[in-house]
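>>> Output the structure for:
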Amino acid sequence: MSQPSIRDELSKAQAEPLLPGVKWCETALDAVEGADATVVITEWNEFRAINMRKMKGLMRGDLLIDLRNIFRPQHAAEHGFRYIDIGRTHEAGRQS
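Numbers count the residues shown, from 1 in each chain. Modelled structure (predicted):
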């Protein structure tokens, strides 16, 4: 099983003792390195402005799950991601 990586400086002090085996990262790009999938659960500007080309290059897999809808589905697809979002209305026949 892969080791989960987290980028969350605000909650690290409280959450780290509760999450043994998690790798705490300094940057968003550090957190995606070698990942099979990336799940974004924050709207922080660091994630909104992430270089998707670099992100895709660092990841082992191509699955991007966006729980805050900070990325455009078309933009993610253009960078080679299988993209999953929540709560958006999609055109008939179109998948994120």
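>>> Next, the distance between the ends of stretch 30-39.
14 Å (CA to CA, to the nearest Å).
>>> oh, I was asking about stretch 14-32
22 Å.
>>> Go through that stretch and flag the buried ones.
Neighbour-count burial for stretch 14-32 flags 25, 28-29, 31-32 (criterion: 16 or more other CB atoms under 10 Å). C-beta: built from backbone N, CA, C; applies to glycine.
>>> what's the offset of it from the middle of its chain?
13 Å (CA atoms, centre = their mean, to the nearest Å).
>>> ditto for stretch 49-64
The chain centroid and the centroid of stretch 49-64 are separated by 8 Å, computed with CA atoms, centre = their mean.
>>> Restrict it to CA atoms and write it as CSV.
Output of stretch 49-64 as CSV, limited to C-alpha atoms (Å, rounded to 0.1, in the frame of the first residue of the first chain):
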residue,chain,number,x,y,z
ALA,A,49,-2.2,27.9,-9.0
ILE,A,50,-0.5,24.6,-9.2
ASN,A,51,1.4,23.9,-12.4
MET,A,52,-0.6,21.0,-13.8
ARG,A,53,2.1,20.0,-16.2
LYS,A,54,4.6,19.6,-13.3
MET,A,55,1.9,17.9,-11.2
LYS,A,56,1.2,15.3,-13.9
GLY,A,57,4.9,14.7,-14.4
LEU,A,58,5.5,14.1,-10.7
MET,A,59,2.5,11.7,-10.3
ARG,A,60,2.8,8.0,-11.1
GLY,A,61,-1.0,7.8,-11.9
ASP,A,62,-3.3,10.2,-13.6
LEU,A,63,-6.4,10.4,-11.3
LEU,A,64,-7.3,13.8,-10.0
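>>> What helix or strand is Ala13 located in?
In this structure, Ala13 is located in helix 12-15 according to DSSP states H and E.
>>> what residue ranges in the protein are flagged as low confidence?
Low-confidence segments of the chain, defined by pLDDT under 70: 1, 90-96.
>>> Could I get the full set of strands for it?
With strands called from DSSP state E, the chain shows them at 5-6, 23-24, 37-40, 63-66, 82-85.
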